[in-house]
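> one predicted model, sequence on top.
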Amino acid sequence: MVIHSGRSFALIAAAAGVSAFVCLSAATLLTMATSPRAIAADAPERVFTLSITAGVVPVSERTIRVQKGEMVRWHVSSDAPGDLHLHAYRIDAAVLPGKPAEVAFKAFATGRFRVEWHPAAGKATGSGGHHAAPLATFEVRPR
């Protein structure tokens, strides 16, 4: 039972022989612990680094796994200018040498998604298209 009036809460607690402060503190903690806002604030952010060199990332960075609902942050650097693209999430980030990009988002869709790199030099010639091998794979697992 939730009582919004502090005075009513104190009277009920006193009648039960319990300190109003203890009851109010327990009720506040219970409300805070189950609040969606509190859960979201406590959810850790998953941080990943994508270091693109000559159009590829190290093997250790090629698969990015998270759970649905997690907050994700990517730090992306490259030795050449280009665009990073995450399919299904409609995320694009321009990356320049010496100016890393940062991408932050919530993992809202489950599945395996292609992370593509489109080098700036390849735009005119058509290389780095959607039929090339992905730069990495972003995997979102259900909770």
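Yep, it's here.

> and the strands in the protein?
Remark: strands assigned in the chain by DSSP state E are 45-52, 63-67, 71-78, 82-86, 91-95, 101-106, 111-119, 136-141.

> so what strands line up beside the first one?
Paired strands of strand 45-52, with direction, are strand 71-78 (parallel) (DSSP bridges).

> ok, residues contacting the strand it pairs with?
43-53, 64, 66, 84, 93, 95-97, 100-107, 117 (Cβ atoms under 8 Å, 6 or more residues apart in numbering). Every residue, glycine included, has its C-beta placed from N, CA and C.

> how about low-confidence regions in the chain?
Across the chain, the ranges flagged by pLDDT under 70 are 1-43, 122-131.

> switch the cut-off to 50
1-16, 18-39, 124-127 (pLDDT under 50).

> rewinding a little: so which of the strands of the chain is the most surrounded?
strand 82-86 (a mean of 21; mean count of other Cβ atoms under 10 Å).

> correct me if wrong: Val115 contacts Ala132.
No - counting by Cβ atoms under 8 Å, Val115 does not reach Ala132; the two are 11.9 Å apart.

> check contacts around the residue nearest to Phe113 when sequence neighbours are not counted.
Closest residue to Phe113 apart from its sequence neighbours, by Cβ to Cβ, 6 or more residues apart in numbering: Phe138 at 4.5 Å. Going by Cβ under 8 Å, 6+ apart, Phe138 touches 64, 66, 86, 89, 112-115.
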